[in-house]
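>>> Return a 3D structure for these sequence lines:
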Amino acid sequence: MTYVSEDPRRSPRSKVFLVATLECGDRILPVTLRDLSEYGALIETEGGLTAGCEVWFHRNDLRLRGHVAWVEGKHAGIAFSRALKPEVVLRYIGRPQPRPADETLHRRPALTRPGMSLEEQRWAEEILRESQRRNRAD
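Numbers count the residues shown, from 1 in each chain. Sure thing, here's the model as predicted:
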């Protein structure tokens with residue numbers, strides 16, 4: 001059995017989760033951009049789009065003409081009238097910024113240093129009592 005691992009699409013997709021808008025006739029629809037490529041975009045919207053509808057796609061200062069290639073539930077594919085250069089695609093998807101770690105969420109109990117919270121002290125005392133109870137039972 002042969003497995004084909006190549007994506008048959010013309011260009012790679014960049015997965016994103018960004019806000020954009022579509023102008024479709026006299027309506028402006030807020031959409032969520034789910035992926036972007038040189039030739040089109042996958043969007044998610046609550047609005048009623050129909051396949052074949054001419055649209056203007058807006059994301060920040062990017063403005064492209066295209067049409068709705070397909071619609072399936074909340075998702076739709078937008079085919080651009082002209083291809084984007086790969087460097088333009090990368091400019092609009094950006095790089096995710098690392099979030100600073102919240103030390104209060106990711107710290108371990110301070111068993112060997114002063115400054116244990118009341119919850120950490122309670123937790124340590126329960127473990128100690130359980131350990132002593134098991135030792136007596138043996």
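>>> only C-alpha atoms for contact and neighbour calcs from this point on.
Noted.
>>> next one: the helix or strand containing residue 35 to chain centre, how far?
Assessed by DSSP states H and E, residue 35 sits inside strand 27-36. Here strand 27-36 is found 14 Å from its chain centre; the criterion is CA atoms, centre = their mean, to the nearest Å.
>>> List the contacts of it.
Here strand 27-36 makes contact (CA atoms under 8 Å, 6 or more residues apart in numbering) with 13-23, 41-47, 89, 93.
>>> do stretch 130-138 as well
Stretch 130-138 has contacts (CA under 8 Å, 6+ apart) with no other residue.
>>> For it, what does the pLDDT average out to?
Average pLDDT, stretch 130-138: 86.
>>> same thing with stretch 50-69?
Taken as a whole, stretch 50-69 has a mean pLDDT of 90.
>>> on that earlier part again, of the contacts of strand 27-36, which belong to strands?
Secondary structure from DSSP state E places 14-23, 41-44 of the contacts of strand 27-36 in strands.
>>> Switch these over to a markdown table; also include pLDDT, neighbour count and distance to residue 136.
Below are the ones in strands among the contacts of strand 27-36 laid out as a markdown table (pLDDT from 0 to 100; neighbours: other CA atoms under 10 Å; distance: CA to CA, whole Å):
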| residue | pLDDT | neighbour count | distance to residue 136 |
| --- | --- | --- | --- |
| 14 | 64 | 15 | 61 |
| 15 | 71 | 14 | 58 |
| 16 | 74 | 17 | 58 |
| 17 | 77 | 14 | 57 |
| 18 | 81 | 14 | 60 |
| 19 | 86 | 15 | 62 |
| 20 | 88 | 18 | 66 |
| 21 | 90 | 20 | 69 |
| 22 | 91 | 24 | 71 |
| 23 | 91 | 15 | 75 |
| 41 | 89 | 23 | 67 |
| 42 | 91 | 23 | 64 |
| 43 | 92 | 24 | 64 |
| 44 | 93 | 22 | 62 |
